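Q: what's the 3D shape of this:
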Amino acid sequence: MAALQASSPLISSSSSSGCSSKRKIMASIQLPKPSKFSLADPRFAVTKKLVEEFRTRNGYAFAEPLQMDIAQKDRVLEPRLSPPSSSIETTKKLYAILEAVEDRVEMHDNIGEQRDNWNELLLNSVNMMTLTATTTAAMAVAAPAPSLRACSALLFTAAAGMSLVMSKIQPSQLAEEQRNASRLFKQLRSEIKSMLILQSPTESDVKEMMEKMLALDRAYPLPLLGAMLEKFPMKFEPAAWWPRVSNKHRQSRGTKTVVKTGRNGWSKDLEVEMRAIVQVLKSKDKQDYLRLGNLALKLNKMLAVSAPLLTGIAATGSAFGGSTATTVAAIAGTMAAITNSFEHGGQVGMVVEMYRNCAGFFDLMEETIEATLEERDYSKRENGEMFEMKVAMKLGRSLSELRDLARKSMTSCIDGSEVDEFGSKLF
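A: Okay, the predicted model is just below:
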């Protein structure tokens with residue numbers, strides 16, 4: 001509009017001059033020319049810098065900046081590269097395993113509490129029935145009556161049956177199995193979560209976690225019929241809740257060529273120290289728990305046979321009648337109540353399982369250290385300093401105490417003497 005107003009006086013002045021010559025009067029409208037947009041403009045550089053700073057501070061994942069082609073007047077969007085689909089699928093599989101592990105933890109917690117209640121309720125019921133039958137048998141001696149003998153015989157028979165069931169299934173040992181299973185599944189859950197946070201999982205990681213979960217299922221089964229662990233084995237053996245490494249696989253790991261990279265925190269002294277620790281665990285801790293486990297198993301077998309047998313003798317004496325038989329029934333019933341209280345109230349089965357689990361822990365430590373040392377490729381081992389710290393924490397020792405124990409073990413091998421302490425300070 002400013003250009004139009006400036007041209008109007010020019011038209012009026014030319015008409016009033018009266019000149020006959022033809023003049024060409026051009027009234028033009030001049031618009032401001034668009035400024036050229038350049039990526040090298042300092043204003044654009046400042047704006048780009050502010051956007052980048054905002055993205056960095058606030059953690060927003062903006063797409064890559066648009067590249068504008070002025071000549072073609074179009075926009076080309078370059079999207080950020082998405083992660084590979086295989087990595088996403090692997091992560092999904094690992095999350096599926098994590099959900100299954102979470103469910104296992106809940107199941108073992110609930111069933112462990114239930115079986116602990118079984119032990120308490122069954123023990124109270126058996127003892128009350130046995131003591132009631134014993135009192136009735138004693139009354140039948142003082143005042144002979146067929147009804148008293150019949151009631152005593154029935155109570156002793158029922159108590160013998162329940163005592164036999166308790167001796168077979170060992171509720172206290174079942175409850176300890178579920179507690180151990182819950183603790184180990186929680187460890188596996190933490191391991192999977194750490195893997196998802198600290199590294200990109202691979203198919204081998206998924207396979208390893210699946211094998212660990214299935215090994216725990218086999219080591220601590222939930223059902224009683226058909227899958228229950230043998231409570232009175234011929235030989236006491238440590239528990240095994242991890243995938244066993246076959247000899248062929250261990251030999252193949254031992255024949256790998258050494259990759260010429262860093263030693264990943266490992267040194268010759270550290271390897272010698274770990275071998276010395278393994279020797280202590282083998283000769284002291286594991287052997288001690290195997291010895292104690294055998295003693296507890298023998299005691300549990302004796303008590304498991306004695307309690308139903310004594311209750312059966314009491315039931316037979318009450319059924320036959322007579323003062324002598326009734327007296328024998330009262331004495332046998334009293335001894336049966338004492339035996340039941342000692343076996344199930346003292347939770348001898350739980351002690352057997354505890355020793356079995358402790359021996360398995362040292363067996364796992366031994367296998368883990370040996371498998372790590374057999375790996376020739378240092379890059380595939382866990383960092384040496386981290387591995388040493390984990391071993392020390394699992395044994396309840398500081399790093400200096402662990403190294404002192406290794407020195408004592410090496411000295412004992414040279415002198416032919418025995419180490420004067422156990423490897424673990426926890427149990």
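
Q: Low-confidence regions, the stretch 101-250 of the chain specifically.
A: Applying pLDDT under 70 to the stretch 101-250 of the chain flags the ranges 245-250.

Q: remind me, longest helix of this protein?
A: Ranked by residue count, the top helix of the chain under DSSP state H comes out as helix 85-142.

Q: can you give me how far that one is from the chain middle?
A: 20 Å (Cα atoms, centre = their mean, to the nearest Å).

Q: That one packs against which elements?
A: Packing partners of helix 85-142 (3 or more Cβ pairs under 8 Å, 6 or more residues apart in numbering; DSSP states H and E): helix 146-169, helix 171-198, helix 203-219, helix 287-320, helix 323-340. Yep, even glycine has a C-beta here, placed from its N, CA and C like the rest.

Q: can you list those in a markdown table and add mean neighbour count?
A: Formatted as a markdown table, these follow (neighbours: other Cβ atoms under 10 Å):
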| stretch | mean neighbour count |
| --- | --- |
| helix 146-169 | 20 |
| helix 171-198 | 19 |
| helix 203-219 | 16 |
| helix 287-320 | 20 |
| helix 323-340 | 21 |
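
Q: and of those helices, who's closest to residue 225?
A: Residue 225 lies closest to helix 146-169 among the helices and strands packed on helix 85-142, at 10.2 Å (Cβ to Cβ).

Q: could I have that closest one exported to PDB, CA atoms only?
A: What follows is helix 146-169, C-alpha atoms only, in PDB (Å, rounded to 0.1, in the frame of the first residue of the first chain):
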ATOM      1  CA  PRO A 146     -14.400-103.400  77.400                       C
ATOM      2  CA  SER A 147     -15.400 -99.900  76.200                       C
ATOM      3  CA  LEU A 148     -12.300 -98.300  77.600                       C
ATOM      4  CA  ARG A 149     -10.100-100.900  75.900                       C
ATOM      5  CA  ALA A 150     -12.000-100.500  72.600                       C
ATOM      6  CA  CYS A 151     -11.600 -96.700  72.700                       C
ATOM      7  CA  SER A 152      -7.900 -96.900  73.500                       C
ATOM      8  CA  ALA A 153      -7.300 -99.400  70.700                       C
ATOM      9  CA  LEU A 154      -9.100 -97.200  68.100                       C
ATOM     10  CA  LEU A 155      -7.200 -94.100  69.100                       C
ATOM     11  CA  PHE A 156      -3.900 -95.900  69.000                       C
ATOM     12  CA  THR A 157      -4.700 -97.300  65.600                       C
ATOM     13  CA  ALA A 158      -5.600 -93.900  64.200                       C
ATOM     14  CA  ALA A 159      -2.500 -92.400  65.700                       C
ATOM     15  CA  ALA A 160      -0.300 -95.200  64.200                       C
ATOM     16  CA  GLY A 161      -1.700 -94.500  60.800                       C
ATOM     17  CA  MET A 162      -1.200 -90.800  61.000                       C
ATOM     18  CA  SER A 163       2.300 -91.200  62.400                       C
ATOM     19  CA  LEU A 164       3.200 -93.500  59.500                       C
ATOM     20  CA  VAL A 165       2.100 -90.900  57.000                       C
ATOM     21  CA  MET A 166       4.100 -88.200  58.800                       C
ATOM     22  CA  SER A 167       7.200 -90.400  58.800                       C
ATOM     23  CA  LYS A 168       6.800 -91.100  55.100                       C
ATOM     24  CA  ILE A 169       6.300 -87.500  53.800                       C
END
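
Q: Distance to residue 241 for the helices and strands packed on helix 85-142 - can I get that in a markdown table?
A: What follows is the helices and strands packed on helix 85-142, written out as a markdown table (distance: least, Cβ to Cβ, whole Å):
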| stretch | distance to residue 241 |
| --- | --- |
| helix 146-169 | 21 |
| helix 171-198 | 6 |
| helix 203-219 | 4 |
| helix 287-320 | 16 |
| helix 323-340 | 31 |
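
Q: List just the one of these that sits closest to residue 111.
A: In terms of Cβ to Cβ, the element of the helices and strands packed on helix 85-142 nearest to residue 111 is helix 171-198, at 5.3 Å.

Q: just so I know, which of the helices and strands packed on helix 85-142 lies nearest residue 266?
A: Closest to residue 266 of the helices and strands packed on helix 85-142 is helix 171-198 (Cβ to Cβ; 20.6 Å).

Q: Could you check the angle that closest one makes with helix 146-169?
A: Here helix 171-198 points in a direction 30 degrees away from that of helix 146-169 (axes from the mean of the first three to the mean of the last three Cα atoms, to 10 degrees).

Q: picking that back up, could you point out which of the helices and strands packed on helix 85-142 sits nearest residue 388?
A: Counting by Cβ to Cβ, residue 388 lies closest to helix 171-198 out of the helices and strands packed on helix 85-142; the figure is 18.9 Å.

Q: On the three-state scheme, residue 226 is what?
A: coil (DSSP: H, G, I helix; E, B strand; the rest coil).

Q: what about it, how many residues close to it?
A: Residue 226 has 6 neighbours, counted by other Cβ atoms under 10 Å.

Q: measure it to residue 359 for me?
A: In this view, residue 226 and residue 359 are 26 Å apart by Cβ to Cβ, to the nearest Å.

Q: again with residue 107
A: Counting by Cβ to Cβ, the gap from residue 107 to residue 359 is 26 Å.

Q: can you check residue 135 too?
A: 44 Å.

Q: Residue 304 too?
A: The value you get for residue 304 to residue 359, if Cβ to Cβ is used, is 21 Å.

Q: Ok, residue 239 next?
A: Per Cβ to Cβ, residue 239 is found 7 Å from residue 359.

Q: between the two, which one's more packed in?
A: Taking other Cβ under 10 Å, residue 239 and residue 359 do not tie; residue 359 has more neighbours (24 against 21).
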